[in-house]
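Q: quick check, what structure comes out for this input:
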Amino acid sequence: MFKKKKPGLVMGALLNWTSMGLNVVLTFASTPIVIHKLGMEAFGMWALIQSFTGYYGLVNLGLGSALQQFISRDLARNEHDGLQRTVGTAIGFFTITGAVVLLAASAFSQVAADFFEVSKNADAFSHVILLCALSVIIEFYGALYSTLINGKERFDLSNGLSMARQIVQTSGVLISVSIWPTIYSMALSVLLTSIAGQIATVIVVKRLHPNLVLLGKGFYWPRLREMLHFGTSTVLITISNILRLRLGNAVIAKTTGLEAVTLFSIATSIIQQMNSKVASSLSVLNPRFTQLHTQGHTAQLQKLFRTAVFFSSCLACFFGTIIMIAGKNFILLWVGPKYLVTADILHILALGYVIALSQNPSWNLMFALNRHHTMARIVVAETACTVALGIWLSSKFGAIGFAYATASMMIIVKVFIHIPYAANVAGLKIRNYAETMLYPFVAFGGIYAISRIGPIHTLLEKEGVIPLIITIIVSAGLYGIFILLTCYRQDYFPEFLVKRLEKVTRLFRKRAPAPLSP
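A: Numbers count the residues shown, from 1 in each chain. This is a model prediction of the structure:
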């Protein structure tokens with residue numbers, strides 16, 4: 001079993017996209033139902049509790065990113081003993097940090113209920129925090145098992161497990177809120193799905209790594225120190241990412257109320273979907289970058305990196321184009337006119353994230369080369385400025401003020417600091433690095449500018465499913481045609497697409513009628 005040849009990077013990315021596409025469908029289909037069943041206040045409470053779960057992972061001190069590096073390295077070197085030490089050390093450490101999370105959640109739950117003034121639902125609030133903490137603890141081990149699967153580049157297996165879990169969890173949530181419409185039922189569904197999912201993942205891991213002992217062997221203090229040293233900067237990055245999107249919920253809950261958290265969460269959930277789609281498409285690069293660096297294939301690594309940045313820019317700018325043009329109509333159809341105010345928040349956040357996500361492969365490269373520490377500290381400084389500016393602007397303009405702070409600081413750092421640093425890490429000139437992002441951004445800005453022209457803007461403002469679909473199809477078509485015409489012959493254009501296009505061109509020429517003889 002599991003003797004099948006591993007898929008390549010392209011197929012791995014497509015499989016990731018399939019999994020994330022399913023996640024988009026399930027999320028957007030289930031959210032309006034859950035909001036309707038729970039009500040705005042209860043859903044706001046659930047969103048607030050979910051924002052807390054991001055903080056629990058901080059106790060792992062960045063071990064998740066270190067696992068990707070160390071497992072890929074051990075497999076590339078065929079070091080079974082090293083892999084066993086990595087796995088055994090991670091399991092032992094996760095057991096300790098899991099206990100810390102459970103104790104912290106127990107102590108924090110009542111304090112949080114008092115702080116956010118949810119006295120009439122204090123018991124439910126506290127108990128659900130504990131249930132969600134248990135789910136997070138289980139996911140600590142899940143991150144290790146998934147890395148063991150992806151380390152062998154078996155993205156077919158990891159995505160199969162992910163899709164099955166998504167379907168089961170969404171079905172469980174919808175059934176539970178229909179029978180028992182409370183956040184209790186949602187938390188129980190998530191917890192049970194986490195347990196079942198990890199059992200299935202362990203079975204797959206044992207098939208792929210039959211000689212690997214998953215419990216009680218290999219804890220190694222020197223290896224833990226190595227991984228924690230690597231992961232220290234990841235903690236800083238994780239904190240920054242949490243504060244960008246999750247701190248807004250806490251600030252809004254305290255200053256405005258739980259119903260306003262629901263409004264802000266609608267916008268950030270769309271941004272998180274865009275974020276996850278780009279990241280999942282490129283997560284296949286992590287083991288490959290590590291392998292190429294370990295084996296000293298610098299030229300091949302640089303070529304793959306430039307192609308990845310171009311591909312990431314295309315994805316980010318495409319999603320940004322759709323959000324800027326069709327986001328308002330989508331929100332109207334998705335959750336109704338009551339929540340239309342979130343469109344402005346969505347547009348502001350999208351501008352910052354398009355620029356950030358375009359450079360996502362540079363993070364993959366920094367981690368592979370262990371050159372992420374400096375940029376992590378810069379991101380912390382960026383986040384500190386974002387939080388300070390966000391609190392001030394939120395007090396004046398509400399939730400949209402926090403969005404302004406997030407996007408503005410992100411744009412400044414990603415343009416003026418991240419680009420030069422990433423180019424240096426890759427061993428490229430700034431021009432060679434930045435040119436891979438040029439045409440996607442021209443397409444993004446150009447199509448959006450066209451959409452603001454009077455008559456065209458009036459057409460795009462029409463409400464309904466059909467106008468939304470037409471808008472997306474036309475925007476996607478224009479975007480794709482522009483990218484093909486401007487980038488097809490560039491050296492960073494993906495080779496597999498060049499081969500497919502040349503094959504189609506040859507077939508077209510063969511089928512074309514021969515010219516008539518004079």
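Q: state which helix of this structure is the longest.
A: The longest helix of the chain (DSSP state H) is helix 298-335.
Q: please pull up the helix or strand immediately following that helix.
A: Counting by DSSP states H and E, the next helix or strand C-terminal to helix 298-335 is helix 342-358.
Q: got the angle between that next one and helix 298-335?
A: Interaxial angle of helix 342-358 relative to helix 298-335 (axes from the mean of the first three to the mean of the last three Cα atoms, to 10 degrees): 170 degrees.
Q: any idea which helix or strand comes after helix 342-358?
A: Using DSSP H and E, the helix or strand that directly follows helix 342-358 along the chain is helix 360-368.
Q: show me the shaky parts of the stretch 251-400 of the chain.
A: Scanning the stretch 251-400 of the chain for pLDDT under 70 picks out the ranges 251-261, 280-284, 286.
Q: now do 90
A: Low-confidence regions of the stretch 251-400 of the chain, defined by pLDDT under 90, span residues 251-302, 327-345, 360, 363-400.
Q: just to revisit the earlier point, run the chain-centre distance for the longest helix of the chain.
A: Distance of helix 298-335 from its chain centroid, counting by Cα atoms, centre = their mean, to the nearest Å, is 12 Å.
Q: do stretch 424-442 as well
A: Stretch 424-442 has its C-alpha centroid displaced from the chain centroid by 22 Å (Cα atoms, centre = their mean).
Q: just the CA trace of it, in PDB.
A: What follows is stretch 424-442, C-alpha atoms only, in PDB (Å, rounded to 0.1, in the frame of the first residue of the first chain):
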ATOM      1  CA  ASN A 424      19.800  39.400  -1.100                       C
ATOM      2  CA  VAL A 425      18.800  36.000   0.400                       C
ATOM      3  CA  ALA A 426      18.200  34.600  -3.000                       C
ATOM      4  CA  GLY A 427      21.500  36.000  -4.400                       C
ATOM      5  CA  LEU A 428      19.600  38.000  -7.000                       C
ATOM      6  CA  LYS A 429      19.700  41.700  -8.000                       C
ATOM      7  CA  ILE A 430      16.700  43.600  -6.800                       C
ATOM      8  CA  ARG A 431      15.600  44.200 -10.400                       C
ATOM      9  CA  ASN A 432      15.700  40.500 -11.200                       C
ATOM     10  CA  TYR A 433      13.600  39.800  -8.200                       C
ATOM     11  CA  ALA A 434      11.100  42.600  -8.600                       C
ATOM     12  CA  GLU A 435      10.500  42.100 -12.300                       C
ATOM     13  CA  THR A 436       8.800  38.800 -11.700                       C
ATOM     14  CA  MET A 437       6.000  40.700  -9.900                       C
ATOM     15  CA  LEU A 438       5.700  43.600 -12.400                       C
ATOM     16  CA  TYR A 439       3.100  42.400 -14.900                       C
ATOM     17  CA  PRO A 440       0.700  40.800 -12.400                       C
ATOM     18  CA  PHE A 441       0.500  44.200 -10.600                       C
ATOM     19  CA  VAL A 442       0.000  46.000 -13.900                       C
END
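Q: so what touches it?
A: 298, 302, 305-307, 309-310, 313-314, 316-318, 358-359, 362, 365-366, 369, 371, 419-420, 422-423, 482-483, 486-487, 492 (Cβ atoms under 8 Å, 6 or more residues apart in numbering). Backbone N, C-alpha and C define where each C-beta goes, glycine included.
Q: try it again at 6 Å.
A: Residues outside stretch 424-442 that contact it (Cβ atoms under 6 Å, 6 or more residues apart in numbering): 305-306, 309-310, 313-314, 317, 358, 366, 371, 419-420, 423, 486-487, 492.
Q: if you skip the residues just before and after it, what's nearest to L67?
A: Spatially, and ignoring its direct neighbours in sequence, L67 is nearest to T147 (4.7 Å; Cβ to Cβ, 6 or more residues apart in numbering).
Q: need the pLDDT of the one you found.
A: Here, the pLDDT recorded for T147 equals 84.
Q: one more: F508?
A: Note for F508: predicted pLDDT of 57.
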